[in-house]
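Enquirer: model this:
(2 chains)
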Amino acid sequence: MPIPPKKILIVEDHLFFRAMLVRLVRDEPDMIVCGQTDNVADALNLIDQTHPDVALVDLTLSGSNGLDLVNELSLKNVELPVLVLSMHPKNLCADRVIRAGAKAYVSKQELPEAVVAAIRTLFAEAVPA
Amino acid sequence: MNPSCRKKKRILVVEDHPLFRAMLVQLIDQQPGMSVCGEASNISDALTIIEQQAPDAAIIDLTLTGSSGLELIKDLKARNIQLPVLVLSMHSERLYAERVLHAGAKGFISKEETPEQVIAAIHAVTHGEIYVSKQISQQILERQTRGGKPTAATGVELLSDREIEVYQLMGEGLSSCEISARLRLAPTTVDSYRARIKDKLGIKNAASLYQHAARWVAERSV
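Expert: Sure, this is the predicted structure:
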């Protein structure tokens, strides 16, 4: 039986960048985008409704930040691996993000292949539906 | 070479975030009528590529490693290089669109637009048109119909291009010395820019100026 594609939620507040991330994920045969939004409240609703396998979340969101989403998930006992993406280099930010409960960190200094590879490393962490 | 390939518009992409640049390059290369002929993250590399590749247009971010896209546009104008430039930026369209047009760019598009809009904007500038959003075009037309008088500018809108650059770098935490090195200006010149910024924004002291600048930068960060 073919393995169903993994569902990815994308949370990024800059429209152009979000649209490009959606394209990036959609181009991968083993992934689909199950939802996209620019804020934490909508992300929580989408997680309830679509049960993603991995969330790709920008650290800087309008009016809040990606770690707020990580904290909310932890409070609600939702086991969703979160990959945090930000413009800051890995050495400045990764530790703080991982300590806050995210599973991985990718800097916008990296190339698209690194983002896709980082998402894929989290598939093993995804909770079976 | 296939004749249709020769007709493709050759685009230079100048953007300092590797991920964003790679995505933009991919988007452009997927379009039938255009292809990317070079990529750069700074002014010096961009100028070399322009000289060697003679692109049909350049798409330039306002924030570049060690400098600003606005400086690159001014450099092109100073060297009399007729290259249509589209500025793609996360910075406020209201604050920057007219500045980049005055500097010599042919268009401004915000990173808040869709990829389809960005492609439409590149098409426009490569075909000799000027591209700005409807809102900015309205803003410009309204001022023209008022006889060219500017609207009542407030806050950062009152600052000159150079003053905004200094304000931005202060907000990123750079000292006067570091700013003078970065912008290749004398320290006394940076000090006079700082004094003018303080006056224009009605800020009382240096500490408060740094706080305002840091808040302004934080509000606008990606």
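
Enquirer: need the CA coordinates for stretch A:102-117. CSV is fine.
Expert: C-alpha atoms of stretch A:102-117 as CSV (Å, rounded to 0.1, in the frame of the first residue of the first chain):
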residue,chain,number,x,y,z
ALA,A,102,10.5,23.1,19.1
LYS,A,103,12.0,20.0,17.5
ALA,A,104,14.2,21.7,14.9
TYR,A,105,15.5,25.1,13.7
VAL,A,106,16.4,26.2,10.2
SER,A,107,17.8,29.6,9.4
LYS,A,108,16.7,31.6,6.4
GLN,A,109,20.5,31.8,5.6
GLU,A,110,20.1,28.2,4.4
LEU,A,111,19.0,26.9,1.0
PRO,A,112,15.5,25.5,0.2
GLU,A,113,17.0,21.9,0.2
ALA,A,114,17.9,22.4,3.9
VAL,A,115,14.4,23.3,4.8
VAL,A,116,12.9,20.3,3.0
ALA,A,117,15.6,18.0,4.6
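
Enquirer: residues from chain B in reach of chain A?
Expert: With Cβ under 8 Å from any Cβ of the partner chain as the criterion, chain B comes near chain A at residues B:17-20, B:22-24, B:26-27, B:88, B:90, B:110-115, B:118, B:221-222. Any C-beta I mention is one placed from the backbone N, CA and C, and that applies to glycine too.

Enquirer: tell me how far the spatially most central residue of chain B lies from residue B:16.
Expert: By Cα atoms, centre = their mean, chain B has its centre lying nearest to residue B:62, at 3.0 Å. Distance of residue B:62 to residue B:16, given as Cβ to Cβ, to the nearest Å: 10 Å.

Enquirer: how about residue A:47?
Expert: Counting by Cβ to Cβ - residue A:47 and residue B:16 are separated by 33 Å.

Enquirer: who has more neighbours, these two?
Expert: Higher neighbour count among residue A:47 and residue B:16: residue A:47, with 21 against 17, using other Cβ atoms under 10 Å in any protein chain shown.

Enquirer: just the pLDDT for the more buried one.
Expert: Residue A:47 is assigned a pLDDT of 96 by the prediction.

Enquirer: list the contacts for it?
Expert: Residue A:47 is in contact with A:9, A:55, A:73, A:78, A:80, counting by Cβ atoms under 8 Å, 6 or more residues apart in numbering or on different chains.

Enquirer: report the secondary structure state of the spatially most central residue of chain A.
Expert: Compute the mean C-alpha point of chain A, and by Cα atoms, centre = their mean the closest residue is residue A:56, 1.3 Å away. Three-state call for residue A:56 (DSSP: H, G, I helix; E, B strand; the rest coil): strand.

Enquirer: how about the helices in chain A?
Expert: Listed in chain order, the helices of chain A (DSSP state H) span A:15-26, A:40-50, A:66-75, A:90-99, A:112-121.

Enquirer: what angle sits between the last one and strand A:54-58?
Expert: So that's helix A:112-121. 140 degrees (axes from the mean of the first three to the mean of the last three Cα atoms, to 10 degrees).

Enquirer: one step back: as CSV, the contacts of residue A:47 with neighbour count would be great.
Expert: Compiled in CSV, the contacts of residue A:47 are given as follows (neighbours: other Cβ atoms under 10 Å in any protein chain shown):
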residue, neighbour count
A:9, 24
A:55, 29
A:73, 22
A:78, 14
A:80, 22
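
Enquirer: from those residues, which is closest to residue B:191?
Expert: Nearest to residue B:191 among the contacts of residue A:47: residue A:55, at 47.0 Å, using Cβ to Cβ.

Enquirer: pretty sure that closest one contacts residue A:84?
Expert: No: applying Cβ atoms under 8 Å as the test, residue A:55 and residue A:84 come out as separate, 9.2 Å apart.

Enquirer: shared neighbours of the two, which are they?
Expert: Listed as contacting both residue A:55 and residue A:84 by Cβ under 8 Å, 6+ apart is no residue at all.

Enquirer: in PyMOL, select just the buried ones from the residues of chain B next to chain A.
Expert: Applying 16 or more other Cβ atoms under 10 Å in any protein chain shown to these leaves a buried subset, and the PyMOL line that selects it is:
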select buried, chain B and resi 17+18+19+20+22+23+24+27+88+90+110+111+113+115+118+222
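
Enquirer: so which of the residues of chain B next to chain A belong to strands?
Expert: Using DSSP state E, B:88, B:110 are the members of the residues of chain B next to chain A that sit in strands.

Enquirer: out of the residues of chain B next to chain A, which sit inside helices?
Expert: Applying DSSP H to the residues of chain B next to chain A, the entries found in helices are B:18-20, B:22-24, B:26-27, B:115, B:118.

Enquirer: got the residues you listed as TSV, with distance to residue B:201 and pLDDT columns?
Expert: As requested, those are arranged in TSV below (distance: Cβ to Cβ, whole Å; pLDDT from 0 to 100):
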residue	distance to residue B:201	pLDDT
B:18	34	90
B:19	34	92
B:20	30	91
B:22	37	93
B:23	36	92
B:24	34	94
B:26	41	92
B:27	38	93
B:115	36	93
B:118	33	94
